[in-house]
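1. for reference, the sequence and a predicted model appear below.
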Number of protein chains: 2
Amino acid sequence: MIFRRLAATASVSTSRFSLPPTIRQLLADPPKQSTTVSGWIKSIRKQKNVSFAVITDGSSAQGLQAVLVKGKDEELLRRLTNGAAVRLTGRLVSSPGAGQSHELLVDRNEGEIVLLGDCPPETYPIQKKDLTTEYLREHAHLRARTSRIAAMLRLRDVLRRQMDSWFETQGFCYSNTPIITGNDAEGAGEAFRLAQVETQHPAAATQCTPIPPSEFFSRPAFLTVSHQLHLEALATALSRVYTLSPCFRAEKSLTGKHLAEFWMLEAEWVLPNSHGVQGVCDLTEGLLKETASQVLETVDLETLWRDDDTTKRSLLLAAFRSGNLWARMTYTDAVRELEKVHASVPFQHPPKWGYPLQSEHERWLAESLVGGPVFVTDYPASQKPFYMRANIDERTVACFDLLVPHVGELVGGSVREERVDILQQKMGNTSGSEWYLDLRKYGGAPHAGFGMGFERLVSWVSGVENIRECIPMPRWAGRMLL
Amino acid sequence: MIFRRLAATASVSTSRFSLPPTIRQLLADPPKQSTTVSGWIKSIRKQKNVSFAVITDGSSAQGLQAVLVKGKDEELLRRLTNGAAVRLTGRLVSSPGAGQSHELLVDRNEGEIVLLGDCPPETYPIQKKDLTTEYLREHAHLRARTSRIAAMLRLRDVLRRQMDSWFETQGFCYSNTPIITGNDAEGAGEAFRLAQVETQHPAAATQCTPIPPSEFFSRPAFLTVSHQLHLEALATALSRVYTLSPCFRAEKSLTGKHLAEFWMLEAEWVLPNSHGVQGVCDLTEGLLKETASQVLETVDLETLWRDDDTTKRSLLLAAFRSGNLWARMTYTDAVRELEKVHASVPFQHPPKWGYPLQSEHERWLAESLVGGPVFVTDYPASQKPFYMRANIDERTVACFDLLVPHVGELVGGSVREERVDILQQKMGNTSGSEWYLDLRKYGGAPHAGFGMGFERLVSWVSGVENIRECIPMPRWAGRMLL
């Protein structure tokens, strides 16, 4: 070939590509030879002949202490300030300091300090002093540089990886169901709708008659509020499917438990037996326990857990380390308990069979009655959507909510109604939903599923109360930065 | 506690939860004892004393042959038709038949056949006969039941898992950047916009003055066309981040390479050295080669590859099995080659420096000139967005497009402009983008990134030409089923 092949100048061999190790990787397996680290200065202490800098690259809560043996470049040293980006070459040596096994010795001979990017201390918005949560929300583009937000981002990564491997073991197929859908969540008015688009022929616009905007998809389009219905279609072919995908609610809710855009873990699977909703709880509990118990061991949650959260933390650990199944009770029993305690500790909303459980009820059940996670099952049919399977009593459906301390509802799931006649009756108008009935008409196997708010899971495990701090760039009514 | 603890009736022990094995898992490790399988009848052949059914549960291309030794239930047997859902209990025995190691023997003694869901043959839309692609698109809710679409869904799952594990090895953190954004893709008019919402106070609507709809987020909101800018913010804290996330383009394009909603793998990372765009190509190639070469070995691509695609397939295998780096050439050299060949094999669009490469050019470069993947680097600055790093010649930028045979552009990436003065100058009006400049002002490290269309990757690896068949439920202009 006659064109210039640039490949020869490439920096990697043709065998395996590899980036240099991150600080986490370096500390896990300290190399003997000289090594290079890129990162940001977290703090620096300058002495006469030597400076001590803590460098972070975001790969672990633990930074790397670098010992910079002072050279002649005074100007360079002046510019090594908090937040500056540097690339350091040196040797990892055993550290005499507490709290670290190794430090990076950057000496005058082999060592090298490269300033990659200055960080003017007079204007840098992320100073070391305590910054309020609200201030950091206003600086969403920079807040990942704080230890807590960085720890949350790594926690999301680890939780997702653990769940992925659990689902793989159980034979589930990860699937991408649509975000844009014709389903408007049963007209509940909580779905975002896409605006109509201008005509695609700019030529036409030059004519005198203006062309009205139209639906891009030839019909109204919404952002999905749940992937369940689409996952059901895939589950009737692949048996076990799941997704971790964005969902949207145009709710004006401003609580710390709601976002306009959030990530939901949803699974649907063909039931392997006739254990009904109990089997669905079993799977949910298995997923959570096996995922979280590994996360508790591997991740530096110390950065996230606040010192005064000892009760919350011990409840969490107890839940995951317990050899017993988590508590389960029916909605009917739950309401009975709530009514009983309401006599002495009145709730704002009196509990009553047939009415929704309020947040205050849910939290009392998990925090006070059980003192841990509790599956509340078999809610009244009138409180739940059409697709949940009717129980024999005809008043309740085979569903559950998993309530956990300090978060409330973490997971909601159910057996899906597979009996086409009952489903049709519950749906009433089936126009536009024929496809959903088809899933039952043609080889419809009994199946079940659940949805888990991923930010709520992060909140539970980390103890970070407001889920706006459990997602990189939160969106809620009136607020969308970046 | 006084409420009824249902835990005792749960079907799992308190140790580890486990669903029964899928057919793929069963065949990988055939159990000695009796086993139960749920799935759908793919085909059935009924003889006098025995019936042979192929059962699939979607876990592998290979179904499981079940040998049903005929019992007395004639009615049940009659209802065992293609597409019916069944649960079979029997023993896995070595199979005398070709193409399968084991079969499931369901005999009259230990065996059991449970019909989970009928599938009326007279109306079932997914008959065994060859169904056209367009017919299956119209039946998006059922098409995952065909072997080809099911194989594509598993391929997506495997590709994603392999990529995840590659990124983990390289120290990347998986991140969820926002879908709803204030960024309208520089006003290119390709972003979907959210409709305004009605006021949240229904009470107000009863008054005489109608309240106009307003922006939910207090300003116009769009669906993201790329996660790059947000990932850059995270990369300046975590060093190495990536996402596999939905992206949206309100393009009226109706080609087989475009969707209105698609998934994009995007990565951003701090450059570990000064190799510039060559280092970015190195990482991209490493990812693709190590991911795909494993996928080629593990996945039954035989279902997807068409018999007459031998050329396409051998090009693909050659690319992944080659010990050499893939070809690389500058845009300038590419245009020179195109101009040369244009004299004898004219293109529809004459190639010319400073103009975009057209699809026909891209395909000629990959398919005819190189006969494999080719990185085209250093495009004219005027052809590329503001964020790509200016080269010394000031006419070109440090970017690449990876072109592959039969797909065209698979990946686009670049070194990002980290010099705040140059960036500011290229941006012109920086109002609303101050945050993006901040990433450079405060510890801005040289970094780079790329975006890869996930459906295009699926298309390349599988040989499935139209990307509408590379995603479960495709959306394009005028078409959104389900």
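-> Perfect, thanks for sending it.
2. can you pull out the strands in the stretch 1-150 of chain A?
-> A:35-46, A:50-56, A:64-69, A:85-94, A:102-106, A:112-117 (DSSP state E, counting those that start in this stretch).
3. which of these sits closest to A:Cys281?
-> With CB to CB, the closest approach to A:Cys281 among the strands of the stretch 1-150 of chain A belongs to strand A:50-56: 41.1 Å. (Each C-beta comes from the backbone N, C-alpha and C, glycine too.)
4. would you list the strands of the stretch 1-150 of chain A in a markdown table and tack on mean pLDDT?
-> As requested, the strands of the stretch 1-150 of chain A are arranged in a markdown table below (pLDDT from 0 to 100):
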| stretch | mean pLDDT |
| --- | --- |
| strand A:35-46 | 96 |
| strand A:50-56 | 96 |
| strand A:64-69 | 95 |
| strand A:85-94 | 96 |
| strand A:102-106 | 95 |
| strand A:112-117 | 96 |
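5. which stretches of chain A have low pLDDT?
-> A:1-15, A:185-189, A:199-210 (pLDDT under 70).
6. domain assignment for it?
-> A:32-117, A:144-196+A:214-480 (the TED database).
7. nearest to chain B: which residue in the stretch 151-300 of chain A?
-> A:Gly286 (2.5 Å; CB to the nearest CB).
8. that residue and B:Arg16 touch, don't they?
-> Yes - using CB atoms under 8 Å, A:Gly286 is in contact with B:Arg16, at 7.0 Å.
9. more neighbours: these two, which one.
-> A:Gly286 (19 against 10; other CB atoms under 10 Å in any protein chain shown).
10. who are the contact partners of the more buried one?
-> A:166, B:12, B:16-18 (CB atoms under 8 Å, 6 or more residues apart in numbering or on different chains).
11. relative to A:Ser43, which of these is nearest.
-> Once CB to CB is applied, the member of these that ends up nearest A:Ser43 is A:Trp166, at 38.3 Å.
12. check which helix or strand covers that closest one.
-> For A:Trp166, the element it lies in under DSSP states H and E is helix A:147-169.
13. report the distance from that helix to the chain centre.
-> 8 Å (CA atoms, centre = their mean, to the nearest Å).
14. burial check on the closest residue to A:Arg321 other than its chain neighbours, number of neighbours?
-> Spatial nearest neighbour of A:Arg321, excluding adjacent residues (CB to CB, 6 or more residues apart in numbering or on different chains): A:Ser293 at 6.9 Å. Counted with other CB under 10 Å, residues neighbouring A:Ser293 total 15.
15. how about A:Arg468, secondary structure?
-> Counting by DSSP: H, G, I helix; E, B strand; the rest coil, the backbone at A:Arg468 sits in helix.
16. number of nearby residues for it?
-> By other CB under 10 Å, neighbour count at A:Arg468 equals 23.
17. surely it and A:Leu259 touch.
-> Yes - A:Arg468 lies in contact with A:Leu259 (CB under 8 Å); the separation is 7.0 Å.
18. which neighbours do the two have in common?
-> Joint contacts of A:Arg468 and A:Leu259 (CB under 8 Å, 6+ apart) are A:474, A:476.
19. from A:Ser59, how far off is the closest residue to A:Pro178 other than its chain neighbours?
-> Leaving out its chain neighbours, the residue that sits closest to A:Pro178 by CB to CB, 6+ apart is B:Met473, at 4.9 Å. Per CB to CB, to the nearest Å, B:Met473 is found 37 Å from A:Ser59.
20. before we move on, what about A:Ile126?
-> Distance from A:Ile126 to A:Ser59, by CB to CB: 18 Å.
21. tell me which of those two has more neighbours.
-> Between A:Ile126 and A:Ser59, counting by other CB under 10 Å, A:Ser59 is the more crowded of the two (24 against 21).
22. mind checking the end-to-end distance for stretch A:81-88?
-> 14 Å (CA to CA, to the nearest Å).
23. my bad, stretch A:70-78
-> End-to-end for stretch A:70-78, by CA to CA: 12 Å.
24. does it reach chain B?
-> No - Stretch A:70-78 lies apart from chain B when judged by CB under 8 Å from any CB of the partner chain; the minimum separation is 15.1 Å.
25. one more: stretch A:310-318?
-> No - contact of stretch A:310-318 with chain B (CB under 8 Å from any CB) is absent, the minimum separation being 14.2 Å.
26. buried residues, that stretch. List them.
-> For stretch A:310-318, a neighbour-count test (16 or more other CB atoms under 10 Å in any protein chain shown) marks A:312, A:315-316 as buried.
27. residues in contact with that stretch?
-> Here stretch A:310-318 has contacts from A:296, A:305, A:367, A:371-372, A:405-406, A:460-461, A:463, using CB under 8 Å, 6+ apart.
28. Throw the residues you listed into JSON lines and include secondary structure, thanks.
-> JSON lines is the format used below for the contacts of stretch A:310-318 (three-state DSSP):
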{"residue": "A:Leu296", "secondary structure": "helix"}
{"residue": "A:Trp305", "secondary structure": "coil"}
{"residue": "A:Glu367", "secondary structure": "helix"}
{"residue": "A:Gly371", "secondary structure": "coil"}
{"residue": "A:Gly372", "secondary structure": "coil"}
{"residue": "A:Pro405", "secondary structure": "coil"}
{"residue": "A:His406", "secondary structure": "coil"}
{"residue": "A:Trp460", "secondary structure": "helix"}
{"residue": "A:Val461", "secondary structure": "helix"}
{"residue": "A:Gly463", "secondary structure": "coil"}
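29. among the residues you listed, which pair sits farthest apart?
-> Longest span within these, CB to CB: A:Leu296 and A:Glu367, 19.9 Å.
30. which one of the buried residues of stretch A:310-318 is nearest to A:Ser245?
-> A:Leu316 (26.0 Å).
31. quick one: secondary structure of that closest one?
-> Under three-state DSSP, A:Leu316 comes out as helix.
32. contacting residues for A:Lys48?
-> A:Lys70.
33. hmm, I typed the wrong one, I wanted A:Pro20.
-> Contacts of A:Pro20 (CB under 8 Å, 6+ apart): A:35-37, B:272.
34. my guess is A:Glu469 contacts A:Ala150. True?
-> No - the pair A:Glu469 and A:Ala150 fails to qualify as a contact (CB under 8 Å) at a distance of 11.8 Å.
35. residues from the stretch 301-450 of chain A in reach of chain B?
-> A:323-330, A:333-334, A:336-337, A:369-370, A:377, A:418, A:435-436, A:438-446.
36. apply 6 Å and report the result again.
-> A:323-325, A:328-329, A:333, A:337, A:435, A:442-445 (CB under 6 Å from any CB of the partner chain).
37. which of those are buried?
-> By 16+ other CB under 10 Å, these give A:325, A:328-329, A:333, A:337, A:435, A:442-445 as buried.
38. can you add secondary structure and give those back as TSV?
-> As requested, those are exported to TSV (three-state DSSP):
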residue	secondary structure
A:Leu325	coil
A:Arg328	strand
A:Met329	strand
A:Asp333	helix
A:Glu337	helix
A:Trp435	helix
A:Tyr442	coil
A:Gly443	coil
A:Gly444	coil
A:Ala445	coil
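39. show me where the stretch 151-300 of chain A has its helices.
-> A:202-205, A:228-238, A:277-298 (DSSP state H, counting those that start in this stretch).
40. roughly how far does A:Leu315 sit from A:Gln358?
-> 21 Å.
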